[in-house]
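**Q** need the 3D shape of this:
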Amino acid sequence: MFAKMSAFACIAMLAASFTSRAQNRWTPVTALSNGRVFTLCAASNGQVLAGCESGGLYISTDDGLNWTPHPIVQNVTVRRFFMHGTRIYAGLQNGLLLSSDNGNTWTDIPVPSGQNGFGVALNASGHLFIGGWEGVHRSTNGGKDWTDITAGLPEKRLMSLAISSADVLYAGLYRRGLYRSTDQGGTWTEADPSLTGASVNRIAFEGSKIYIASSDGVRISTDNGTSWEARNSGVTALNLECIVVLSAGSLAAAGSGGFVYTSSNDGALWTKSTASKTLVYDVIKTSSTLLAGTQWDGIRRSEDGAATWKRSDAGLTNLQVSDIAVSTSGTVLVCQNGGPLMLSSDGGGTWAASSENTAGLTHVAVSPDGSCFTAGYGGVLISTDGGRSFAKTSGDVPENDLSAVEVSPAGHVFVGGLNDKLFRSTNNGAAWTDVSNGLGSSQVLGMAWTATAMFVGTVSDGVYRSTDDGGTWSKLTITGASRIPAINADAGEIAISTGSDIRVSNDNGDSWSPYPPGIQGSIAQFARTSSSALVAAAWGVFAYDVVSSSTPWREFSRGLTNLDTRAIASAGGNVFYSGSWGGGVHKWTGDPLTGVSAVAVPSSFTIRVVPNPVRASARIIVECGSGDALTVAVHDLLGRRVAILADGDRPGGTVSWPFDASALTPGIYECRVSAGSAMRSVPLLVLR
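**A** So this is what the prediction gives:
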């Protein structure tokens, strides 16, 4: 996991820097920051930390006005911060980090497999506790060893964990209330029977007072948990995610509806304000402001005690992007997970949110006449003003849950349903026709057109072709192609991804041949350059020169902090926009076939380091063509060779070497393998 960094993040980051040596680079677009922010923390030196879903950790040094992604802790979900003196713990979706320098560097604390960091606590004896959906675990040696102390709780899944000044351990359960232990988790008793059936999402303390934020509102105990009472006067939406002590007797709570509640009398009366249009996960007080982390609205800021709120997330680009399209006028349209569709008419310089009814829609397409369509859970919407506002199409699609939307060159709109249906409209959604007959029984993932045919890629039934606008269909014979996550057509060439490789047809789908290997990960989408080169979004972004097909794939991922690329769109003139799951939107200008390193990968050339991260020893496994001369070496980040495992060997097939890392300083290394004329490298992380 992590050692001064996230292993998953650094492996992704290094994979980009090792394989793409470009001078050109992707640059993040500005003012696009509607990502999910689970947790906030005000460090002792004035820095503010934000923990995001998929986007990792962000740091602000100006009281939350501007944010910078942590250089290492990326591509992970940070669920909860916990401060103990000068130490900050970051509970991850799967793991735990510790920082002793206000969040600048982090050390990994190994946790039981699958454990979430929803709650972290330290008792007076220095014992460390972690709670999540794998129960509660205790460590008496700083996380080296863990003991499961879940026995006695009626529910394994925890939402919160905390220790009072009386050294009592409290566990907030998912839909089973609040429990406590006075013997370090040896036994458990129900703390507040009135909370049975509620989810306890946050626990806070002030002296002998205990404050609870739950799905049933606020509960307070003023006598170390002996008795409890509800204090919800003024709280209009009882499903609360957090409660924090601002000062003696002064509280803030927040949750559903985007509401933040403040109280100056220990919760006897609450004053409501609206911080966001979506759920508020966390509220903190910095030296002069209140900051709120939201579900789909980034970070909000109040400088007047929660009376009013405004955006405070410049530089926060942790958006989860599912699709991107560029309109005929050059407007960039971005679908994001949960939030409204975003659009930019100045090349990504500034962004605006489209109408609220686009929230959660996952696919977007543009018609030749300039109309825009977006679809997902909730049906299909149309915009006739360049994406600024959307409305339901005048004709109702028989299904509301849609898996794809595309527009043909003739301007006909097609939407795929989750129930294995495909619908067509020839009048911008005024009426819809079911064109699924003969299409098989598999959900549609994507569509593409040549001059004479339409092609559909499905979840589990391969590729279908229609030469009459969807009136009839024939299944194409493509060996080993069942799931087709991406499909593209340009100038008569059709490209598909099978999840494991890329196939191409130049005869309208009658025959197919494989593209050369060289792409990491499963391809999510295709696009084309101005010279018809094929661009693929996978674990990073890759380009292939279709004209000079003898050249290899070239990776151009430099500048992407998150390589989990889900969307790619061409704006023409070798301008591209890519969207990742947690890394937001980035822009590339220039020919991706020039100035970037070729991914010269012969058939069956792969490298694996098992395990990776490495604590003491590992095996480096290489699969290569027979007779290739192999050189296998490990280098540090300065390029110095620290180990050589093979030099000119010609084993062929699959071969492995033991790698002893016990004498190496913990950190990041690069395993370089040369096979014949090809060279490839993978990051290798050494932990202690």
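**Q** correct me if wrong: Val585 contacts Trp26.
**A** No - the criterion here is Cβ atoms under 8 Å, and Val585 misses it with Trp26 at 9.6 Å. Every C-beta, even on glycine, is put in place using the N, C-alpha and C of the backbone.
**Q** which residues are in contact with each of these two?
**A** Common neighbours of Val585 and Trp26 (criterion: Cβ atoms under 8 Å, 6 or more residues apart in numbering): Ser578.
**Q** Provide the strand pairings for the helix or strand where Phe82 lies, with the direction of each partner.
**A** Using DSSP states H and E, Phe82 sits within strand 78-84. With DSSP bridges as the test, strand 78-84 is paired with strand 87-92 (antiparallel).
**Q** which residues does the partner strand contact?
**A** The contact list for strand 87-92 (Cβ under 8 Å, 6+ apart) reads 1, 41, 43, 49, 51, 57, 73, 76-83, 96-100, 102-103, 106, 109, 116-120, 130, 132.
**Q** quick check: angle from the following helix or strand past it to strand 78-84?
**A** Where DSSP H and E defines the elements, the next helix or strand beyond strand 87-92 is strand 95-99. Here the directions of strand 95-99 and strand 78-84 differ by 40 degrees (axes from the mean of the first three to the mean of the last three Cα atoms, to 10 degrees).
**Q** surely Ser194 is in a helix?
**A** Yes - looking at Ser194 with DSSP: H, G, I helix; E, B strand; the rest coil, it is inside a helix.
**Q** so it makes contact with Ile220?
**A** No - Ser194 is not in contact with Ile220 according to Cβ under 8 Å; the separation is 11.8 Å.
**Q** so for those two, which sits in the more crowded spot?
**A** The neighbour comparison of Ser194 against Ile220 (other Cβ atoms under 10 Å) goes to Ile220, with 19 against 15.
**Q** what about the helices in this protein?
**A** Listed in chain order, the helices of the chain (DSSP state H) span 7-19.
**Q** and stretch 152-159, what's buried?
**A** Across stretch 152-159, burial judged by 16 or more other Cβ atoms under 10 Å covers Leu153, Glu155, Arg157, Leu158, Met159.
**Q** just those residues: which are in strands?
**A** Residues of these located in strands (DSSP state E): Leu158, Met159.
**Q** hmm, which two among the buried residues of stretch 152-159 are most spread apart?
**A** Farthest apart among the buried residues of stretch 152-159 by Cβ to Cβ are Leu153 and Met159. That separation is 12.2 Å.
**Q** where do the contact lists of these two overlap?
**A** Here Leu153 and Met159 share the contacting residues Leu173, scored by Cβ under 8 Å, 6+ apart.
**Q** before we move on, back to that, now for Ser194 and Ile220: what residues contact both?
**A** Joint contacts of Ser194 and Ile220 (Cβ under 8 Å, 6+ apart) are Trp228.
**Q** Leu158 and Ala124, how far apart?
**A** Between Leu158 and Ala124 the computed distance is 21 Å (Cβ to Cβ, to the nearest Å).
**Q** stretch 273-285: how far from the chain's middle?
**A** How far stretch 273-285 lies from its chain's middle: 21 Å, per Cα atoms, centre = their mean, to the nearest Å.
**Q** over to stretch 336-356?
**A** Its chain's average C-alpha position is 18 Å from that of stretch 336-356, according to Cα atoms, centre = their mean.
**Q** CA-only coordinates of it in CSV, if you can.
**A** Provided in CSV are the C-alpha atoms of stretch 336-356 (Å, rounded to 0.1, in the frame of the first residue of the first chain):
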residue,chain,number,x,y,z
GLN,A,336,-19.5,13.3,-14.3
ASN,A,337,-20.4,10.7,-11.7
GLY,A,338,-23.4,12.1,-9.8
GLY,A,339,-23.1,15.8,-10.6
PRO,A,340,-24.6,17.8,-13.5
LEU,A,341,-23.1,17.9,-16.9
MET,A,342,-20.3,20.5,-17.2
LEU,A,343,-19.5,22.5,-20.3
SER,A,344,-16.8,24.9,-21.5
SER,A,345,-16.9,27.1,-24.6
ASP,A,346,-13.3,28.4,-24.3
GLY,A,347,-11.3,25.2,-24.6
GLY,A,348,-11.5,24.3,-20.9
GLY,A,349,-10.5,27.7,-19.5
THR,A,350,-13.8,28.2,-17.7
TRP,A,351,-16.7,25.8,-17.0
ALA,A,352,-20.3,26.1,-16.2
ALA,A,353,-22.8,23.5,-14.9
SER,A,354,-25.7,22.6,-17.2
SER,A,355,-29.2,22.2,-15.8
GLU,A,356,-29.6,20.2,-12.7
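**Q** understood, closing this out.
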